[in-house]
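> Sequence and predicted structure, then a few things I'm wondering about:
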Amino acid sequence: MKEADTPTFSSGELASMCEDELPRDPVVVARMHKRYPFFEAIGCLWWAACVSRPDIAPAVHAASKYVAYPTEKLWKWILRIFQYLKRYLDYGVVYQRPIKGKTPLLSAAADAAHGDARKGRSTLGHCSFFMGGLVDWRSKTS
């Protein structure tokens, strides 16, 4: 398997999914699910994103929105995330003993962007660290 520098495609026809491209015929959907293990792959990727690889969470979220209507393009998206994981196999959450007086045992950060220009929606996010390792994060559009 090739390795990838990013978990998503940055340009070209694979960079985005179009609602018009999604198969609506149940026979085509069943055939694609039989041909490729979409649900299993997305489940494995979500587990990795939640346990130790938060860097892939946006890419997994984007791919998982289309798993009910799978296409060859979606399978290439999913493979791209696995290729990225292969390239950066040594990345992940690292916990370190805090240095007394220098690094906190617990820390957190939050940010917000109010009113996306295109949709008029706000995005909120936070992350929490324990012993320097990311243990909780969330990004929400409201």
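On my side now, so go ahead. Numbers count the residues shown, from 1 in each chain.
> Quick check: which element contains the residue positioned nearest the centre of the chain?
In the chain, the C-alpha closest to the average C-alpha coordinate belongs to residue 57, at a distance of 2.4 Å (Cα atoms, centre = their mean). Using DSSP states H and E, residue 57 sits in helix 57-64.
> What are the buried residues along that helix?
Buried residues in helix 57-64, defined by neighbour count with 16 or more other Cβ atoms under 10 Å: 57, 59-60, 63-64. From N, CA and C alone the C-beta is placed, and that goes for glycine too.
> Closest one to residue 127 out of those residues, please.
Residue 127 lies nearest to residue 57 out of those, by Cβ to Cβ, at 11.1 Å.
> where's that closest one relative to residue 106, distance?
Distance from residue 57 to residue 106, counting by Cβ to Cβ, to the nearest Å: 21 Å.
> Quick one: residues in contact with the helix holding residue 57.
Helix 57-64 is touched from outside by 7-8, 42, 45-46, 49-50, 74, 77-78, 80-81, 84, 137, with contacts defined as Cβ atoms under 8 Å, 6 or more residues apart in numbering.
> Does the helix-or-strand element of the chain with minimal mean pLDDT pack against any helices or strands, and if so which?
Lowest by mean pLDDT, DSSP states H and E among the helices and strands of the chain is strand 133-141, with a mean of 82. In terms of contacts (3 or more Cβ pairs under 8 Å, 6 or more residues apart in numbering; DSSP states H and E), strand 133-141 is packed against strand 123-130.
> Give the burial count for residue 53, as a bare number.
21 (other Cβ atoms under 10 Å).
> now it, nearest residue through space, not along the chain?
Spatial nearest neighbour of residue 53, excluding adjacent residues (Cβ to Cβ, 6 or more residues apart in numbering): residue 92 at 5.9 Å.
> Let me know the secondary structure of the one you found.
coil (DSSP: H, G, I helix; E, B strand; the rest coil).
> got the CA positions of the lengthiest helix in the chain in PDB?
In the chain, ranked by residue count with DSSP state H as the criterion, the top helix is helix 72-87. Provided in PDB are the C-alpha atoms of helix 72-87 (Å, rounded to 0.1, in the frame of the first residue of the first chain):
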ATOM      1  CA  GLU A  72     -15.500   3.600  -5.500                       C
ATOM      2  CA  LYS A  73     -14.600   7.200  -4.700                       C
ATOM      3  CA  LEU A  74     -15.500   6.800  -1.100                       C
ATOM      4  CA  TRP A  75     -13.400   3.600  -0.900                       C
ATOM      5  CA  LYS A  76     -10.400   5.600  -2.200                       C
ATOM      6  CA  TRP A  77     -11.100   8.200   0.500                       C
ATOM      7  CA  ILE A  78     -11.000   5.500   3.200                       C
ATOM      8  CA  LEU A  79      -7.800   4.000   1.700                       C
ATOM      9  CA  ARG A  80      -6.200   7.400   1.700                       C
ATOM     10  CA  ILE A  81      -6.700   7.600   5.500                       C
ATOM     11  CA  PHE A  82      -5.100   4.200   6.000                       C
ATOM     12  CA  GLN A  83      -2.200   5.300   3.800                       C
ATOM     13  CA  TYR A  84      -1.700   8.300   6.000                       C
ATOM     14  CA  LEU A  85      -1.700   6.200   9.100                       C
ATOM     15  CA  LYS A  86       0.900   3.900   7.500                       C
ATOM     16  CA  ARG A  87       3.100   6.900   6.700                       C
END
